[in-house]
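J.: Just a sequence and a predicted model for now, questions to come.
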Amino acid sequence: MNKTDLIEHIARQADISKASAARALDSVIDGITASLVQGESVSLVGFGSFSVTRRAARAGRNPRTGAVIRIGATSMPRFRPGKALRDALV
């Protein structure tokens, strides 16, 4: 399922237009993104939680030359599924 399929599903389930469903989905994605940028976590009970984890700088190797390279520190988004989602997939 891609974003277009999800918008169509939302529109059918909520009995709203596709344009309204697209705005609603974009709003949810923007809200989650804004919270993560501020360093906050987002919990959707039963679905899961989004958070930001920090990866430390580390040394790596260039696979072509074998030379040691420095990989900088970075922030990564993380998703942990909730119990209801995990149970639905069993």
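T.: Received the coordinates, thanks.
J.: Return the backbone torsion pair for A73.
T.: According to degrees, to the nearest 10, the main-chain angles of A73 amount to phi -70, psi 150.
J.: So what's the residue count around A11?
T.: Using other Cβ atoms under 10 Å, A11 is surrounded by 18 other residues. (Glycine included, C-beta is placed from N, CA and C.)
J.: Same question for V52.
T.: V52, neighbours per other Cβ under 10 Å, totals 15.
J.: The one 10 residues further on now?
T.: Applying other Cβ under 10 Å, we find 9 other residues in the vicinity of N62.
J.: buried residues in the longest helix seen in the chain?
T.: When the chain is scanned for its longest helix (criterion: DSSP state H), the result is helix 18-37. Residues of helix 18-37 classed as buried by neighbour count (16 or more other Cβ atoms under 10 Å): 21-22, 25, 32, 36.
J.: how near is the spatially most distant residue from the centre of the chain to A11?
T.: Largest separation from the mean C-alpha position in the chain: T65, at 34.0 Å (Cα atoms, centre = their mean). Noted for T65: a distance of 52 Å to A11, by Cβ to Cβ, to the nearest Å.
J.: which one among the buried residues of helix 18-37 gets closest to V52?
T.: L36 (5.3 Å; Cβ to Cβ).
J.: Distance of the closest one relative to R58?
T.: 22 Å.
J.: can you give me the helices in this structure?
T.: Going by DSSP H, the chain shows helices at 3-14, 18-37, 83-88.
J.: pull the CA atoms of stretch 76-88 into PDB?
T.: This file holds the C-alpha atoms of stretch 76-88, laid out as PDB (Å, rounded to 0.1, in the frame of the first residue of the first chain):
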ATOM      1  CA  MET A  76      17.400   8.400  13.400                       C
ATOM      2  CA  PRO A  77      13.600   7.900  13.700                       C
ATOM      3  CA  ARG A  78      12.500   4.800  15.400                       C
ATOM      4  CA  PHE A  79       9.100   3.000  15.400                       C
ATOM      5  CA  ARG A  80       8.100   0.500  18.000                       C
ATOM      6  CA  PRO A  81       4.800  -1.300  17.300                       C
ATOM      7  CA  GLY A  82       2.200  -1.500  20.000                       C
ATOM      8  CA  LYS A  83       0.700  -4.700  21.400                       C
ATOM      9  CA  ALA A  84      -2.500  -4.500  19.400                       C
ATOM     10  CA  LEU A  85      -0.600  -4.100  16.200                       C
ATOM     11  CA  ARG A  86       1.800  -7.000  17.100                       C
ATOM     12  CA  ASP A  87      -1.200  -9.200  18.000                       C
ATOM     13  CA  ALA A  88      -3.000  -8.400  14.800                       C
END
